[in-house]
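S.K.: Just need the structure, nothing else, for what follows:
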Amino acid sequence: MLAAQSVLDLTRQVFSASTIDQGVIPTLEYLITHTAAVGAAYIQVTCAQERSYRVRATAGETSQTSRVKDLVCQGLPLQTPLMLALEYSSGCLFFDDIVTLCDTLTVGFTTVGVASLAAAPVRARDGELLGAFLMYTFTPHVWQMEEAAIFSLVSGTIAGLAGRLAADEQASDAREAALRAMGLALEVRDGETKGHTDRVTELAIRMARALYWSPSQTRALRWGAYLHDIGKIAIPDAVLLKPGPLDAREWTVMRSHVPEGVRFATALGFLPATALEMISDHHERWDGQGYPAGKAGNEISLAGRLFALCDVYDALTSQRPYKAAWTAEAALAEIESQAGQHFDPELTRLFIQVMTGDQDHAH
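M.R.: Predicted structure coming up:
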């Protein structure tokens, strides 16, 4: 009854988790509390093509050798025998004394101090191996029937849910790669802005960190940054690539890239509201003189107000055929002078603190 209730509690935690780490750490902690294991880990495939694995979460003790640090940073080698065995295993694998037995399946684990090991596969719905739960000791240990039952029950139940989280994460990664590719493709058309997408995305992420945004909020900000100017795909070359200043009619056409971008991004069907708000609002101004809606002050979304700073800063510090690149100091001075006009005054203050490294006084 206790084990069943524990599995139920762990299942609830996995279901409520938004990341792999949040989902599996309670399971790892449960394993080292209810067995002789001194440490546990969850490892996950990094790329379906490469079939390499990295450590996603750990609990309990880990060896402090340089080999372990390399393992955490670089992941398991491509052809780790244990992972190859789990590819074809229908259940958990237990090894009581890998030092004495010299089992070929556990090659490599003795070099990080592991003496006894248990491993459980984590699979996708189609059976593909996504990762594994591991628990271990640093001295030889014969895994008891009760321990094997706990490990099999807990890891087997949670493995399916961890697999769901891993699959969701892979889908999210694929979407992110596609969105960034769209932003970079737009740069190829507009040759003057090479590198702009990645630069403004990095600036936005730095601001998100300073504001203590959650991972999901930060991801939405990142996705919006990739697509902030995607509506320019609808702007004719005669306007987008015109070397001289635009006339009034051409400016009207150019400004239409914002609603076109919102329409395109909305049609994707999966972008969070924060990302759409950034695309919609990043050309609005605090004083209401921006476009397309002429919003003012807090009518402008936080994402839009934040990204406007990043977008203008990069524009100022980037070289264009019609201007030299401004220094960081000159660009920040200009942005500070526009606080309360173009930009949100409080966010302007934070942006300058982030860019100058004075984040101790950011709040």
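S.K.: Tell me the helices and strands packed up against the helix or strand hosting Leu350.
M.R.: Using DSSP states H and E, Leu350 sits in helix 345-356. Helices and strands in packing contact with helix 345-356 are listed as helix 196-210, helix 302-317, helix 328-337; criterion 3 or more CB pairs under 8 Å, 6 or more residues apart in numbering; DSSP states H and E. C-beta: built from backbone N, CA, C; applies to glycine.
S.K.: CA-only coordinates of stretch 306-326, as CSV, when you get a sec.
M.R.: C-alpha atoms of stretch 306-326 as CSV (Å, rounded to 0.1, in the frame of the first residue of the first chain):
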residue,chain,number,x,y,z
LEU,A,306,11.3,44.8,-23.2
PHE,A,307,12.1,43.8,-26.7
ALA,A,308,11.9,47.3,-28.1
LEU,A,309,15.0,48.1,-26.0
CYS,A,310,16.9,45.1,-27.4
ASP,A,311,15.9,45.8,-31.0
VAL,A,312,16.8,49.5,-30.9
TYR,A,313,20.1,48.8,-29.1
ASP,A,314,21.2,46.3,-31.8
ALA,A,315,20.1,48.6,-34.6
LEU,A,316,22.2,51.4,-33.1
THR,A,317,25.3,49.3,-32.5
SER,A,318,25.2,47.6,-35.9
GLN,A,319,26.8,49.0,-39.1
ARG,A,320,24.5,49.8,-42.0
PRO,A,321,25.2,51.2,-45.4
TYR,A,322,23.8,54.5,-44.3
LYS,A,323,25.5,54.7,-40.9
ALA,A,324,28.4,53.6,-38.8
ALA,A,325,28.0,51.4,-35.8
TRP,A,326,27.5,53.3,-32.6
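S.K.: Tell me which residues are up against it.
M.R.: With contact meaning CB atoms under 8 Å, 6 or more residues apart in numbering, stretch 306-326 is reached by 192-193, 195-196, 199-200, 203-204, 207-208, 211, 221, 224-225, 228, 243, 278, 281-285, 327-328, 330-332, 334-335, 342-344, 347-348, 351, 355.
S.K.: so which of the helices and strands packed on helix 345-356 comes closest to Thr252?
M.R.: Thr252 lies closest, by CB to CB, to one member of the helices and strands packed on helix 345-356: helix 302-317, at 20.2 Å.
S.K.: relative to helix 345-356, how tilted is the closest one?
M.R.: 50 degrees (axes from the mean of the first three to the mean of the last three CA atoms, to 10 degrees).
S.K.: Find out how far helix 302-317 is from the centre of the chain, if you would.
M.R.: 21 Å (CA atoms, centre = their mean, to the nearest Å).
S.K.: which of the residues in it are buried?
M.R.: For helix 302-317, the neighbour count (16 or more other CB atoms under 10 Å) marks 302-316 as buried.
S.K.: correct me, but Arg255 touches His283?
M.R.: Yes. Taking contacts as CB atoms under 8 Å, Arg255 lies within contact range of His283: 7.5 Å.
S.K.: can you list the domain ranges for the chain.
M.R.: Structurally, the chain divides into domains by automatic domain parsing as follows: 2-168, 190-361.
S.K.: would you list these in JSON lines and tack on mean pLDDT and distance to Ala177?
M.R.: Below are those laid out as JSON lines (pLDDT from 0 to 100; distance: least, CB to CB, whole Å):
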{"stretch": "domain 2-168", "mean pLDDT": "78", "distance to Ala177": "11"}
{"stretch": "domain 190-361", "mean pLDDT": "89", "distance to Ala177": "10"}
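S.K.: quick one: which of these is nearest Ala178?
M.R.: Here domain 190-361 is closest among those (CB to CB), at 9.2 Å.
S.K.: Quick one: closest of the helices and strands packed on helix 345-356 to Phe95.
M.R.: Closest approach to Phe95 among the helices and strands packed on helix 345-356 (CB to CB): helix 196-210, 41.8 Å.
S.K.: what's in contact with that closest one?
M.R.: Residues from elsewhere that reach helix 196-210, judged by CB under 8 Å, 6+ apart: 180, 183-184, 186-187, 217-218, 221-222, 225-226, 228, 306-307, 309-311, 313-314, 318, 347, 350-351, 353-354, 359, 362.
S.K.: Can you turn the buried part of these into a ChimeraX selection?
M.R.: Buried residues among those (16+ other CB under 10 Å), as a ChimeraX selection:
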select :180,183,186,187,217,218,221,222,225,226,228,306,307,309,310,311,313,314,318,347,350,351,353,354
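S.K.: quick one: Ala265 and Leu276 touch, right?
M.R.: Yes. Between Ala265 and Leu276 there is a contact at 5.8 Å, judged by CB under 8 Å.
S.K.: Any chance you could list residues touching both of those two?
M.R.: Shared contacts of Ala265 and Leu276 (CB under 8 Å, 6+ apart): Gly224.
S.K.: Looking at the two, which one has more neighbours?
M.R.: A direct count of neighbours by other CB atoms under 10 Å for Ala265 and Leu276 places Ala265 higher, at 25 against 21.
S.K.: in the helix or strand harbouring the more buried one, what counts as buried?
M.R.: Assigned by DSSP H and E, Ala265 falls within helix 257-268. Using 16+ other CB under 10 Å as the test for burial, helix 257-268 gives His257, Val258, Pro259, Glu260, Gly261, Val262, Phe264, Ala265, Leu268.
S.K.: What is the nearest of those to Arg125?
M.R.: Distances from Arg125 to the buried residues of helix 257-268, taken by CB to CB, are shortest for Leu268, at 24.4 Å.
S.K.: Much appreciated, bye for now.
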